[in-house]
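[1] Compute the structure for the input listed below.
(2 chains)
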There are 2 protein chains.
Amino acid sequence: MESSSRKHHVRCIVKLGGAAITFKDKLEALNRESLSKTSLQLHEAMGGGVSFNMDWSKNLEVPDRIDMELPQKRAFVVVHGAGSFGHFQASISGVNKGGLDNSLLVNAGFVATRLSVTKLNHKVIRALASQGIPAVGMPPFAAGWSTHKRIVDCDNVSGVREAVDAGFVPVLHGDAVRDSHQGCCILSGDVIVRRLAEELQPSYVVFLTNVPGVFDRPPSEENAVLLQEIVVYEDGTWSIARPRLEAPVKTEMASHDTTGGMATKIAEAASISRLGMDVYIVEAGTEHALQALKGNIEQNWIGTIVRKADST
Amino acid sequence: MESSSRKHHVRCIVKLGGAAITFKDKLEALNRESLSKTSLQLHEAMGGGVSFNMDWSKNLEVPDRIDMELPQKRAFVVVHGAGSFGHFQASISGVNKGGLDNSLLVNAGFVATRLSVTKLNHKVIRALASQGIPAVGMPPFAAGWSTHKRIVDCDNVSGVREAVDAGFVPVLHGDAVRDSHQGCCILSGDVIVRRLAEELQPSYVVFLTNVPGVFDRPPSEENAVLLQEIVVYEDGTWSIARPRLEAPVKTEMASHDTTGGMATKIAEAASISRLGMDVYIVEAGTEHALQALKGNIEQNWIGTIVRKADST
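    Residues are numbered from 1 along each chain as shown, chains lettered A, B, ... in the order given. Just a heads-up that it's a prediction; the model follows:
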């Protein structure tokens, strides 16, 4: 912990859900529109101002205003899911179950999964850089994240912090990593967000998804109710503060989602809000997403807030 | 140093020169043919046998033979240069001169450079994976490499070693990294190769380039002579053992080559061979490249060998 030497307090950790930035049912299908909207909103949330393209892959014209003030508001960390990049490859080969040493299928699946998620990572960074966000990729496997029995064992939070201090926006993602017990496993973006939140203590955390928040049952079902506020208690249990419900909450899980569905999401959000910061779960690209990214929720906001119960 | 726990001795570190896998004069232009040939040769050098595609981005058909023996011969580490990916972006913004904190141009150039070199890294990994090589990207910035006054200060050799021990072929590259004195700089692929060679002590090192080896003057010039053997002495000086030359050696430097030209290459190769291992500098894609990658040079081999002077 080098908290004493920190230059910037991390303002926000934002998770770009795989379902929000990809089409989950089609192999390696990017949702360009959603990613582009989100990049624009992130730029605005980071202070806005003149934006210039940091993707110089098409031309090398350098902007005139080269000595603009460096914005301090952009102390964000971005983590994205895999969506249709990586999930299929991981599922079919069983990377999450381990067995790297004795199965060429797992070995190949590990490589194929990483090839796919890092492709998405590159696309996300390019979208952010195009909006003038100084995004730098920090793929967890390469950066030294690993697990023991699928629990994070080594992380690279110090590297993330250093990148933020240097004025960058680190971009991590769900990845295939080494596991000291079973050889390998999938480290989900949600788990990365939690670890980062624990150590970086951001002011707030935002999960961007493809639905308006967390519902009491799969949102495609009739009468699905948006859970507006979830309150988390000291012991880790949680309850729905708004609206008042009578039936128990169902959860959703896509068959190729190797890292769990909405139940995992609530549990992860709850474990983060226990650390003391509000968690917003909101639909990517909407005005509500922008409010959440700014940490400035208005009266008519639509989404799910997960917060720690008042201890008073 | 965890040398006691090493499973695999690293057989070869291979540098894919930027000039060999890209067209250096055109922004982000990949030399697909050369990269593809080299990937095929690497597969053969790593033991050959059944190759199956580990790039599952187009389809998810898993091969029948899922429990083939894992080859031990593939203890290779690959490092590639930037070529036309990254060099232009780095040059125009002055990333190598530092100044990250007070220039948005440098900040943007750092992002643009990384975006470009990681794009190439992805293409290299995909080409290798397509030939059944279990390649995993380890971008230096993300993996924690950094410099002090442009000299490597922190590295991630232990992570590279662990990836090799897990049966993977790590793929590193020249990158923009943080510098604790000047803010940032360019860490060249050649410098990475040297650091890796120092600590991993491979049996041999291969530099693949776009010309048949090191010449006494720019190889495009008339009467350029291929230096067949360079001998390096204890004190770091070197001389040309074969052929016998009368004129002093000239060197080549492309204007956008931010990491130096042939002089740097000889100096780097000499500093590696001083460690005790042979260094082969050879044209990518040729039969001579394949011999070098196998560590098995035949009588009629064309290329440059850099080796330590016999101490007897």
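
[2] Mind giving me the packing neighbours of the worst-scoring helix or strand of chain A on mean pLDDT?
    Here the helix or strand of chain A ranked lowest by mean pLDDT, DSSP states H and E is helix A:262-273, holding a mean of 81. Helix A:262-273 is packed against helix A:189-200, strand A:204-209, strand A:214-215, strand A:229-232, strand A:278-283, strand A:304-308, with contacts defined by 3 or more Cβ pairs under 8 Å, 6 or more residues apart in numbering or on different chains; DSSP states H and E. The C-beta positions use only the backbone N, C-alpha and C, and glycine is treated the same way.

[3] Any idea which of these gets closest to A:Val160?
    Nearest to A:Val160 among these is helix A:189-200 (6.5 Å), distances taken as Cβ to Cβ.

[4] touching chain B at all, the closest one?
    No. Using Cβ under 8 Å from any Cβ of the partner chain, helix A:189-200 stays clear of chain B, with a minimum separation of 13.6 Å.

[5] What helices and strands are in contact with that helix?
    Applying 3+ Cβ pairs under 8 Å, 6+ apart, one finds that helix A:189-200 makes contact with strand A:12-16, strand A:76-80, helix A:157-165, strand A:169-173, strand A:204-209, helix A:262-273.

[6] average pLDDT for the fifth one?
    Per-residue confidence for strand A:204-209 averages out to 97 on the pLDDT scale.

[7] Then the third one?
    On average, the pLDDT along helix A:157-165 is 95.

[8] Secondary structure element for the residue nearest to A:Thr22 when sequence neighbours are not counted, which one?
    Once flanking residues are discounted, A:Thr22 sits nearest to A:Gly83: 3.1 Å by Cβ to Cβ, 6 or more residues apart in numbering or on different chains. In the assignment (DSSP states H and E), A:Gly83 maps to no helix and no strand.

[9] My read is that A:Gly83 contacts A:Asp25, right?
    No. With contact defined as Cβ atoms under 8 Å, A:Gly83 does not count as touching A:Asp25 (9.7 Å).

[10] These two: which has the busier surroundings?
    Taking neighbours as other Cβ atoms under 10 Å in any protein chain shown, A:Gly83 and A:Asp25 compare with A:Gly83 leading, 32 against 11.

[11] which residues touch the more buried one?
    For A:Gly83, the contacting residues are A:Gly17, A:Gly18, A:Ala19, A:Ala20, A:Ile21, A:Thr22, A:Phe23, A:Lys24, A:Leu120, by Cβ atoms under 8 Å, 6 or more residues apart in numbering or on different chains.

[12] Look up which residues are beta-bridged to the closest residue to A:Leu172 other than its chain neighbours.
    Spatial nearest neighbour of A:Leu172, excluding adjacent residues (Cβ to Cβ, 6+ apart): A:Val79 at 4.7 Å. For A:Val79, the beta-bridge partners under DSSP bridges are A:Lys15, A:Leu172.

[13] how near is A:Arg161 to A:Leu200?
    To A:Leu200, A:Arg161 is 7 Å away according to Cβ to Cβ, to the nearest Å.

[14] which neighbours do the two share?
    Joint contacts of A:Arg161 and A:Leu200 (Cβ under 8 Å, 6+ apart) are A:Val10.

[15] Name the residue in the two with the higher neighbour count.
    A:Arg161 (23 against 19).

[16] what are the ranges of the strands in the stretch 1-150 of chain A?
    Taking DSSP state E, counting those that start in this stretch as the test, the strands found in the stretch 1-150 of chain A are A:12-16, A:76-80, A:135-137, A:146-148.

[17] between the host helix or strand of A:Ala292 and strand A:304-308, how many degrees?
    Here A:Ala292, judged by DSSP H and E, is contained in helix A:287-294. If you take axes from the mean of the first three to the mean of the last three Cα atoms, to 10 degrees, helix A:287-294 sits at 30 degrees to strand A:304-308.

[18] which strands and helices sit next to helix A:287-294?
    For helix A:287-294, the packing partners by 3+ Cβ pairs under 8 Å, 6+ apart come out as helix A:32-45, strand A:204-209, strand A:278-283.

[19] ok now the first one, how far from the chain's centre?
    Put plainly, it is helix A:32-45. Centre-to-centre, helix A:32-45 and its host chain are 14 Å apart (Cα atoms, centre = their mean, to the nearest Å).

[20] hmm, that helix in reach of chain B?
    No. Shown here: helix A:32-45 not in contact with chain B (Cβ under 8 Å from any Cβ), separated by at least 13.3 Å.

[21] which other helices and strands contact that helix?
    On a contact count with 3+ Cβ pairs under 8 Å, 6+ apart, helix A:32-45 meets strand A:12-16, helix A:18-21, strand A:76-80, helix A:104-130, helix A:287-294.
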